[in-house]
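In: here's a sequence, model it:
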Amino acid sequence: MNHLPRLLAKLCVAAVALAAALPAVHAAPPAKRPNILLIVADDLGYTDLGAYGGEIATPNLDRLAAGGAKLTGFYASPFCSPTRAMLMSGSDNHLVGFGDMAELMLPEQRGKPGYEGYLNERVVPMGQVLKDAGYRTVMAGKWHLGVKEEMSPAARGFERSFAMVQGGASHWGDQSGIVALDPAKPPKAVYREDGKSVELPREGFYSSEAFATKLIDYLKADAPSGKPFFAYLAFTAPHWPLHAPDEDIAKYADRYKDGYDALRRARLERMKALGLIAADTPVYEGHPYWPKWESLSAAQKLSEARRMAVYAAMVDNMDRQIGRVLDYLKQTGELDNTFVFFMSDNGADGNSVYDVAHTREWIHHDMDNSTPNLGRPGSFAEYGPGWAQVGMTPFKLYKSMLYEGGISVPAIAWGPGIEGGSVKREFADVMDVAPTVYELAGAKHPGTSYQGREVLPLRGKSMLAYLENGARAVHGADEAIGWELGGRKALRKGDWKIVYANKPWGSGEWELYNIAKDRTESENLAARHPEKLKELLAAWRQYVAETGTLEIEGLASRPGYSNGGKYYEDLALEAATTGKAEPRSAAPGK
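Out: Sure thing, here's the model as predicted:
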């Protein structure tokens with residue numbers, strides 16, 4: 001026993017000598033953190049992509065869907081800026097500055113907490129969180145979260161940015177805006193690069209191409225840093241005004257002459273063939289307020305077919321630009337380590353900006369919306385309720401409404417660990433994107449305090465376990481998710497949903513639907529299930545209290561954008577025009 005310590009000492013010396021004689025063994029280096037590519041389309045319909053049943057050529061997004069996951073139960077806000085605010089914050093729009101659209105706020109809303117009209121200081125945006133975590137952060141496209149320099153992407157965590165900061169603009173280099181306060185003074189869109197105002201080149205600019213090019217340029221310039229990137233590519237396509245290069249429009253010139261119902265049937269059958277909906281799914285045939293295709297004049301039909309052809313060309317072109325970005329990442333060896341998330345910001349848009357301020361007077365005076373000129377510089381055409389309802393097949397209505405057609409959006413997740421070709425049908429929400437990205441990146445949201453100020457915690461939940469096929473759902477059956485914009489309201493809890501919409505779009509009362517059995521919201525069950533309605537209304541009141549939502553009587557019926565009913569009057573007038581000049585043969589620089 002007395003020899004034991006001496007023996008142990010000798011063994012230790014021998015072990016040290018042996019270790020010194022062996023080659024050095026290093027611990028495996030930590031896995032490289034994934035790049036993040038977040039892509040948002042503007043007003044894209046649920047069935048516009050080939051992967052979702054559409055006829056438009058979208059091979060790049062279809063490949064992402066085939067190699068990743070389609071989220072068929074993914075929801076956004078019914079309007080663009082509130083969705084983008086929720087996306088960047090991981091919280092509710094009523095908390096982060098967009099309780100209503102900044103452009104549409106009433107005096108009794110504006111400036112109230114959560115109604116600032118810009119992404120407020122209670123938010124630590126996604127770009128900032130990832131920048132703090134060691135990511136290089138770049139952005140190109142539509143911002144719509146504040147116009148001034150101190151509200152721009154450059155001030156909210158993006159190291160490089162090229163942003164159109166308002167809600168929409170001409171897609172050409174004329175830098176025209178979309179809302180005219182003075183019919184004699186054309187509105188101008190504001191673009192900012194790294195926070196500073198910039199002018200667009202008059203020739204050779206087209207929004208989707210320009211945004212993709214800027215994003216690639218930023219990624220190239222910062223590549224030597226070796227840091228992972230967060231890239232936010234936010235298209236303004238296919239948001240009106242409908243603009244596209246002639247060669248893209250030509251692909252679809254004769255595609256839409258058969259009208260709304262023929263396209264709806266074709267898309268519905270492809271959705272069924274793809275397994276996206278059940279074979280017995282009823283389809284929403286369109287709101288009775290709007291005319292059917294058969295009732296339109298020959299001139300109106302020609303104009304509508306051209307408008308849809310331009311819209312399809314915009315989606316086609318956007319997909320090609322996404323392909324350019326993916327090709328660049330593949331060439332640089334970064335694609336396989338990149339998580340890509342694609343979504344639309346709300347349902348297809350069947351509303352009319354003509355009804356805002358003096359926009360109708362300006363368009364009729366300054367723009368050439370004769371049928372051959374639609375899509376070209378100098379035109380300003382909208383998508384319209386007929387095509388928008390088709391774009392949201394099989395759902396009810398479109399953007400600005402809280403029926404499924406306003407808030408159900410196509411979404412695709414692709415990247416390491418995500419099962420290829422999977423269809424994820426469970427409920428998920430735009431607020432869930434930020435927590436998902438942070439978990440992927442190993443980034444930590446600061447919680448309730450950041451740089452000495454009180455900030456909002458995340459309300460969303462990470463989808464990562466669900467996307468990687470481990471978890472059955474993102475949200476529990478007892479969890480209630482609410483929406484409100486412009487006085488229209490909805491709340492979903494488990495399989496059940498309540499909706500309020502003003503007449504003529506809704507009943508003017510709370511409606512109740514079982515979304516698991518009736519996602520097309522065909523049967524209002526409020527009278528048959530009063531206890532379920534009562535339960536969800538109690539959850540609604542809790543949501544209002546938590547988020548500071550202002551419930552203003554009559555707000556849903558305010559005149560203007562989402563209550564206008566003159567689309568077909570404007571269509572008849574514009575379809576009858578012969579144009580102010582010979583149609584341009586091509587877009588500038590094309």
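
In: that's a strand at Ile36, yeah?
Out: Yes: counting by DSSP: H, G, I helix; E, B strand; the rest coil, Ile36 falls inside a strand.

In: for the lengthiest helix in the chain, packing partners?
Out: Across the chain, the longest stretch assigned as helix under DSSP state H is helix 298-331. If contacts are counted by 3 or more Cβ pairs under 8 Å, 6 or more residues apart in numbering; DSSP states H and E, helix 298-331 sits against strand 35-41, helix 59-67, helix 207-222, strand 229-234, helix 246-250, strand 338-344, helix 385-391, helix 567-575. Glycine gets a C-beta too; all of them are placed from N, C-alpha and C.

In: CA atoms only: put the fourth one into PDB for me.
Out: The C-alpha trace of strand 229-234 is given here as PDB (Å, rounded to 0.1, in the frame of the first residue of the first chain):
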ATOM      1  CA  PHE A 229     -24.800  37.100 -43.400                       C
ATOM      2  CA  PHE A 230     -28.400  38.100 -42.900                       C
ATOM      3  CA  ALA A 231     -29.800  39.300 -46.200                       C
ATOM      4  CA  TYR A 232     -33.300  40.800 -46.400                       C
ATOM      5  CA  LEU A 233     -34.600  41.000 -50.000                       C
ATOM      6  CA  ALA A 234     -38.000  42.800 -50.000                       C
END
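
In: mind listing what's buried along it?
Out: Under the neighbour-count criterion of 16 or more other Cβ atoms under 10 Å, strand 229-234 has Phe229, Phe230, Ala231, Tyr232, Leu233, Ala234 buried.

In: in the longest helix of the chain, what's buried?
Out: 300-326, 328-329.

In: likewise for stretch 102-109?
Out: Under the neighbour-count criterion of 16+ other Cβ under 10 Å, stretch 102-109 has Ala102, Glu103, Leu104, Met105, Gln109 buried.

In: return the member of those residues nearest to Tyr118.
Out: Ala102 (7.0 Å; Cβ to Cβ).

In: and that closest one, how far from Met401?
Out: From Ala102 across to Met401, the span is 20 Å (Cβ to Cβ, to the nearest Å).

In: how about TSV for the buried residues of strand 229-234, with distance to Pro504 and pLDDT added?
Out: Shown next, in TSV, are the buried residues of strand 229-234 (distance: Cβ to Cβ, whole Å; pLDDT from 0 to 100):
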residue	distance to Pro504	pLDDT
Phe229	48	98
Phe230	44	98
Ala231	43	98
Tyr232	38	98
Leu233	38	99
Ala234	33	98
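
In: of these, closest to Gly442?
Out: Nearest to Gly442 among the buried residues of strand 229-234, counting by Cβ to Cβ, is Phe230 at 12.5 Å.

In: is that closest one bridged to anything, and to what?
Out: Counting by DSSP bridges, Phe230 forms beta bridges with Ile36, Thr137.

In: out of everything not next to it in sequence, what's closest to the residue nearest the centre of the chain?
Out: Centroid-nearest residue in the chain: Asp345, 2.0 Å away (criterion: Cα atoms, centre = their mean). In this structure, Asp345 finds its nearest non-sequential neighbour in Thr83, 4.3 Å apart by Cβ to Cβ, 6 or more residues apart in numbering.

In: likewise for Asp194?
Out: Of all residues not flanking Asp194 in the chain, Ala154 sits nearest, at 5.0 Å (Cβ to Cβ, 6+ apart).

In: which residues does Glu511 contact?
Out: Ile498, Val499, Tyr500, Ala501, Glu521, Asn524, Ala526 (Cβ atoms under 8 Å, 6 or more residues apart in numbering).

In: now the residue nearest to Asp194. Its backbone dihedrals?
Out: phi -60, psi -30 (degrees, to the nearest 10).

In: could I get the contacting residues of it?
Out: Per Cβ under 8 Å, 6+ apart, neighbours of Ala154: Ser161, Arg192, Asp194, Gly195.

In: ranking by neighbours, what's the top pick from those residues?
Out: Ser161 (27 neighbours; other Cβ atoms under 10 Å).

In: quick revisit: tilt between the longest helix of the chain and strand 35-41?
Out: If you take axes from the mean of the first three to the mean of the last three Cα atoms, to 10 degrees, helix 298-331 sits at 180 degrees to strand 35-41.

In: low-confidence stretches in this protein?
Out: For the chain, the stretches with pLDDT under 70 are 1-30, 580-590.

In: before we move on, the earlier item: the residue nearest to Asp345 and Phe98, how far apart?
Out: 9 Å.

In: ok, those two, which is more surrounded?
Out: Using other Cβ under 10 Å as the criterion, Thr83 and Phe98 rank with Phe98 on top: 31 against 27.

In: just to revisit the earlier point, and of the helices and strands packed on helix 298-331, who's closest to Phe74?
Out: strand 338-344 (6.7 Å).

In: by contact count, what packs against that closest one?
Out: strand 35-41, helix 59-67, helix 298-331, strand 411-414, helix 433-441.

In: run the angle between the first one and helix 207-222 for me.
Out: With the same axes, to 10 degrees as the basis, strand 35-41 and helix 207-222 are set at 170 degrees to each other.

In: need the residues that contact strand 35-41.
Out: 84, 87, 126, 130, 135, 141-142, 228-235, 237-238, 315, 318, 322, 325, 329, 334, 337-345, 433, 437, 440-441.

In: next one: the shortest one
Out: When contacts are taken as Cβ under 8 Å, 6+ apart, the neighbours of strand 411-414 outside the stretch itself are 51, 61, 64-65, 67-71, 74, 339-344, 424, 428, 463, 467.

In: name the strands paired with it and say parallel or antiparallel.
Out: With DSSP bridges as the test, strand 411-414 pairs up with strand 69-71 (antiparallel), strand 338-344 (antiparallel).

In: Met367 versus Pro377, what's the distance?
Out: From Pro377 to Met367 the distance is 10 Å (Cβ to Cβ).

In: Gly564 now?
Out: According to Cβ to Cβ, Gly564 stands 18 Å off from Met367.

In: what's the answer for Val315, then?
Out: 22 Å.

In: now do Gly406
Out: To Met367, Gly406 is 28 Å away according to Cβ to Cβ.

In: nearest spatial neighbour of Ser81, skipping sequence neighbours?
Out: In space, Ser81 is closest to His144, 4.4 Å off (Cβ to Cβ, 6+ apart).

In: neighbour count winner among Gly406 and Met367?
Out: Gly406 (33 against 18).

In: helices of the stretch 51-200 of the chain, start to end?
Out: According to DSSP state H, counting those that start in this stretch, the stretch 51-200 of the chain carries its helices in the segments 59-67, 80-89, 93-96, 126-132.
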